[in-house]
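> only geometry, no sequence info:
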Ligand SMILES: Nc1ncnc2c1ncn2[C@@H]1O[C@H](COP(=O)(O)OP(=O)(O)OP(=O)(O)O)[C@@H](O)[C@H]1O
């Protein structure tokens, strides 16, 4: 289902409001036509010297139509806006739920500026969908048809002429302008997206760009993108104005035609001349109603694209097992290959290994050899391309990601910290005493729970962030520990102290540690050595050293360097 269809389906839930909007829109529109027509008739009669008492009914009708028009316009606006805001509320909730279910890896691949503009601009622009795209044409059509029917009572030719004007104004002109706009609009959307992503990246990287003296180039790029976008928007607005002008001319031309037909009919004695001014004002008013159609192609396009973009995030609800019954976690990779989306290079090549329940595994290897990727796949943050991963003998494809996350204590290289306090950033609803114990275990005893943390943890050093991330996991109960270089920014003594705390707490659990460090490997049950996405050897420390293979050579190099 396309995005627009999904949104319209969502909107149709507000049936009552929609029907009321159309009904009162129609009453308001037809009252306006009636008001001006009756006024035209009144002016003609007054000019002919008809006494005022003979016109009492028409005068009262004009007044009544004036009130009806104002009242129904008010009710129409009220119910149409209520329908719109209810719809927006549902869409926001739907969008957030989808965003929430997206895998963090897929989220990460979207440029943050782009994503923000999606969330905010797209939902905001959808408020025009009902107010300017869906129901105004229906109301205009109904008013037009009712007016044409009324006109047909006096003259079929005049009614046909009005119908001709209706098809020009309501169908042909919007279709031509929608077609004209089609190509440039695609470009405008891409430019808006590029501009937003560029702005976000420049703001985030402002400090680095300034230090590396690359800010001027970046600002120039931003300024060029901005110019392109502004030009595209200006072109689009000019087209809208041309459409509006042409629409006005069509209204005048049709009114002129109505007047000509009326004059001919009254000269031929088939219609009284007193009706002429009524038809002239009727035609002018009914065409005035069509002026919102000039913005129709633009709004239609904007809303269609916004809806498609929002619903592009839709993906099937994750299905599968929601629990892992066993206390201990066993993981097995069976001939797994993996390439990141949109990448040519294979990151993992046909790797197989088994992590036994309650065991301690170290994954080592050169930078870029694929160590972190193994953790990403285990957490189902990425979808493997070939082979199978089993957790407790269940294929990972049949597990919903949150089942694994519930069981996992994870420290990644780029854990996120939020503006708030240390307490907030521990992400635990336990009591303050337990929080303090966790901070102590993570060698953060100098921190207070109320100490502030800036956005993205900007006031914390690299080592403090790592220790805070470890304090987070020390507060959770989990049977699988996945630690990606958890102490790489710490001095050896502190690192050992903290890791001892981790191993004590995780002594019965399955632990996988990704590391560059070659020290302390003796304590692991299994060492997996990776090189360029391939496993070059596995085994415990003594076995690998006695084999005098890859790890042995690395150790020799380390010895020589130190
Ligand atoms: N999100 C991503 N999209 C595309 N390629 C990626 C992504 N993440 C990692 N890669 C690539 O996959 C390869 C393996 O990356 P990975 O992070 O798993 O290596 P690593 O062994 O953990 O490296 P390091 O020790 O430097 O952290 C690298 O070549 C990297 O460029």
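Nice, thanks for sending it over. From a predicted model like this one, the values you see are computed outputs, not experimental measurements. Numbers count the residues shown, from 1 in each chain.

> so where's this structure uncertain?
Scanning the chain with the threshold set as pLDDT under 70 gives 1, 99-119, 183-186, 313-322, 325-326, 561-562.

> The ligand contacts on that one?
Counting by C-beta under 6 Å from any ligand atom, the chain comes close to the ligand at 340, 343, 347, 365, 367-373. Every C-beta, even on glycine, is put in place using the N, C-alpha and C of the backbone.

> Please pick the buried ones from those residues.
Neighbour counting over those (16 or more other C-beta atoms under 10 Å) leaves 347, 365, 369-373 as the buried ones.

> mind putting those in a markdown table, secondary structure included?
Putting these into a markdown table (DSSP: H, G, I helix; E, B strand; the rest coil) gives the following:
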| residue | secondary structure |
| --- | --- |
| 347 | coil |
| 365 | strand |
| 369 | coil |
| 370 | coil |
| 371 | helix |
| 372 | helix |
| 373 | helix |
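
> May I ask which two of those are separated the most?
347 and 365 (12.2 Å; C-beta to C-beta).

> so what does the one helix or strand residue 77 maps to touch, helix or strand wise?
Using DSSP states H and E, residue 77 sits in helix 56-101. On a contact count with 3 or more C-beta pairs under 8 Å, 6 or more residues apart in numbering; DSSP states H and E, helix 56-101 meets helix 3-11, helix 15-47, helix 123-125, helix 127-128.

> what's the shortest one packed up against?
This points to helix 127-128. By 3+ C-beta pairs under 8 Å, 6+ apart, helix 127-128 packs against helix 56-101, helix 296-312.

> any idea which of those helices is most buried?
Across those, the average number of neighbours (mean count of other C-beta atoms under 10 Å) peaks for helix 296-312, which reaches a mean of 20.

> Summarise which helices and strands that helix is packed against.
helix 3-11, helix 123-125, helix 127-128, helix 173-204, helix 215-267.

> Show me what counts as buried in the first one.
It stands for helix 3-11. For helix 3-11, by 16+ other C-beta under 10 Å, it's 3-4, 6-8, 10-11.

> Residue 388 - how many residues pack around it?
By other C-beta atoms under 10 Å, 14 other residues sit near residue 388.

> residue contacts, the closest residue to residue 366 other than its chain neighbours?
Of all residues not flanking residue 366 in the chain, residue 531 sits nearest, at 6.4 Å (C-beta to C-beta, 6 or more residues apart in numbering). Residue 531 makes contact with 365-366, 369, 550 under the criterion C-beta atoms under 8 Å, 6 or more residues apart in numbering.

> Give the full set of residues in contact with residue 173.
Applying C-beta under 8 Å, 6+ apart, the residues near residue 173 are 243, 246-247, 250, 293.

> re earlier: which one, of the helices and strands packed on helix 127-128, ends up nearest to residue 464?
It is, among those and with distance given as C-beta to C-beta, helix 56-101, at 28.9 Å.

> Run the chain-centre distance for stretch 270-289.
49 Å (C-alpha atoms, centre = their mean, to the nearest Å).

> Likewise for stretch 549-562?
50 Å.

> What residues sit buried inside that stretch?
Buried-residue list, stretch 549-562, by 16+ other C-beta under 10 Å: 550-551, 554-555.

> out of those, which one sits closest to residue 488?
residue 554 (16.9 Å).

> For that closest one, which non-adjacent residue is spatially closest?
residue 518 is the one closest to residue 554 (C-beta to C-beta, 6+ apart), at 6.0 Å.

> Residue 388 and residue 335, how far apart?
7 Å (C-beta to C-beta, to the nearest Å).

> Over to residue 358?
25 Å.

> Neighbour count: these two, which is higher?
A count of neighbours by other C-beta under 10 Å puts residue 358 above the other of residue 358 and residue 335, at 17 against 11.

> Would you check that my belief about that one contacting residue 509 is correct?
Yes - in this structure residue 358 lies within contact range of residue 509 using C-beta atoms under 8 Å: 6.6 Å.

> who touches both of those two?
In contact with both residue 358 and residue 509: residue 328, using C-beta under 8 Å, 6+ apart.

> before we move on, back to that, which members of the buried residues of helix 3-11 are the farthest-apart pair?
Counting by C-beta to C-beta, the most remote pair of the buried residues of helix 3-11 is 3 and 11, 12.4 Å apart.

> Return the residues in contact with residue 39.
Taking C-beta under 8 Å, 6+ apart, one finds 62, 281 in contact with residue 39.

> and if you look at residue 241?
By C-beta under 8 Å, 6+ apart, residue 241 lies in contact with residue 294.

> quick one: it from residue 187, how far?
From residue 241 over to residue 187 (counting by C-beta to C-beta), the distance is 20 Å.

> For the spatially closest residue to residue 75 that is not a sequence neighbour, list the residues it contacts.
Among residues not flanking residue 75 along the chain, residue 24 sits closest, at 4.5 Å (C-beta to C-beta, 6+ apart). The contact partners of residue 24, taken as C-beta under 8 Å, 6+ apart, are 72-73, 75-76, 79.

> Swap in 10 Å and give it another go.
71-80, 139 (C-beta atoms under 10 Å, 6 or more residues apart in numbering).

> ok, what's across the strand from the residue nearest to residue 366?
residue 534 (DSSP bridges).

> ok so, going back, can you tell me which of the buried residues of helix 3-11 is closest to the ligand?
Lowest distance from the ligand to the buried residues of helix 3-11 (C-beta to the nearest ligand atom) belongs to residue 3, with 26.6 Å.

> ok, now how distant is the closest one from residue 380?
With C-beta to C-beta as the criterion, residue 3 and residue 380 are 27 Å apart.

> Okay, buried residues for stretch 339-353 please.
Applying 16+ other C-beta under 10 Å to stretch 339-353 flags 339, 346-349, 351, 353 as buried.

> what's the straight distance from one end of that stretch to the other?
18 Å (C-alpha to C-alpha, to the nearest Å).

> Pull the distance from that stretch to the chain's centre.
29 Å.

> what does it rub up against?
105-106, 109, 331-338, 361, 363, 368-374, 376-377, 382-388, 526, 528, 530, 532-535, 538.

> Swap in 8 Å and give it another go.
So stretch 339-353 is contacted by 109, 332-338, 370, 373-374, 377, 382, 385-387, 526, 528, 530, 532-535, 538 (C-beta under 8 Å, 6+ apart).

> Stretch 354-371 now?
326, 328-333, 338, 347-348, 374, 484, 503, 508-518, 521, 523-533, 536, 551, 554.

> Hmm, residue 536 is touching residue 529, no?
Yes - using C-beta under 8 Å, residue 536 is in contact with residue 529, at 5.0 Å.

> Which neighbours do these two have in common?
Common neighbours of residue 536 and residue 529 (C-beta under 8 Å, 6+ apart) are 365, 549-550.

> what would those look like in CSV with distance to residue 207?
Shown next, in CSV, are the shared contacts of residue 536 and residue 529 (distance: C-beta to C-beta, whole Å):
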residue, distance to residue 207
365, 32
549, 44
550, 40
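
> Of those residues, which is the nearest to the ligand?
residue 365 (5.8 Å).

> still on that earlier bit, more crowded one of residue 536 and residue 529?
Between residue 536 and residue 529, counted using other C-beta under 10 Å, the more crowded position is residue 529 (22 against 14).

> contacting residues for the more buried one?
364-365, 535-538, 544, 549-551.

> again, but for residue 375
410, 412, 482, 484, 512, 514.

> Same list (these) but as a markdown table, adding neighbour count.
Shown next, in a markdown table, are these (neighbours: other C-beta atoms under 10 Å):
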| residue | neighbour count |
| --- | --- |
| 410 | 22 |
| 412 | 19 |
| 482 | 26 |
| 484 | 22 |
| 512 | 25 |
| 514 | 25 |
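
> Pull the most distant pair out of those.
Most distant of the contacts of residue 375, by C-beta to C-beta, are 412 and 512, 12.3 Å apart.
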